[in-house]
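Asks: pasting the sequence and the predicted coordinates here, then a few questions.
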Amino acid sequence: MASFVRVAPELNIILEPMESVIASEREDLVLFSLEAISERVDVLEEIADDLMHALCPSGPLLSALKGRDKAAYRGALFTGSFYGFIIGLLVCFLVAILIYYKHLLGGL
């Protein structure tokens, strides 16, 4: 909770020492501490930063172990290489079948 110093109690003037603000104290104002909310906002900021890092494959993730900064990047390389190899084999197989049928029909 914020603490105030009463500068002139008869005039209802207070000083807020953290911000160095002098103001008049009024009865219609409500004072509320935002410390608990600020802790939750800090956690949400960490989660939002983690989501932003998830868009970049070389950034560290919040729940990742140490040394796994580029795990998504390396995984994408291996996955792309695997699918490229499989698609290349399928294309080679189709070309081989076309050459075989062309040879059977007497084209070569």
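Replies: Good, I have the coordinates. Numbering: from 1, shown residues only.

Asks: which helix is the longest one in the chain?
Replies: Counting residues, the longest helix in the chain under DSSP state H turns out to be helix 71-104.

Asks: list the buried residues for that one?
Replies: Under the neighbour-count criterion of 16 or more other CB atoms under 10 Å, helix 71-104 has residue 72 buried. (Each C-beta comes from the backbone N, C-alpha and C, glycine too.)

Asks: just stretch 17-24 next, same as before
Replies: Neighbour counts over stretch 17-24 (16+ other CB under 10 Å) mark no residue as buried.

Asks: now that stretch, how far from the chain's geometric center?
Replies: 37 Å (CA atoms, centre = their mean, to the nearest Å).

Asks: contacts for that stretch next, please.
Replies: For stretch 17-24, the external contacting residues (CB atoms under 8 Å, 6 or more residues apart in numbering) are 2, 3, 4, 5, 7, 11, 12, 13, 14, 15, 16.

Asks: so among these, where is pLDDT lowest?
Replies: The pLDDT minimum for the contacts of stretch 17-24 sits at residue 2, where the score is 60.

Asks: any idea of the pLDDT on the residue most central in space within the chain?
Replies: By CA atoms, centre = their mean, the chain has its centre lying nearest to residue 51, at 2.0 Å. As predicted, residue 51 sits at a pLDDT of 82.

Asks: which strand or helix spans it?
Replies: Remark: residue 51 resides in helix 35-54, with elements defined by DSSP states H and E.

Asks: neighbours of the residue lying closest to residue 63 once chain neighbours are set aside, how many?
Replies: Excluding the flanking residues, the one nearest residue 63 by CB to CB, 6 or more residues apart in numbering is residue 50, at 7.8 Å. Per other CB atoms under 10 Å, the neighbour tally for residue 50 reads 15.
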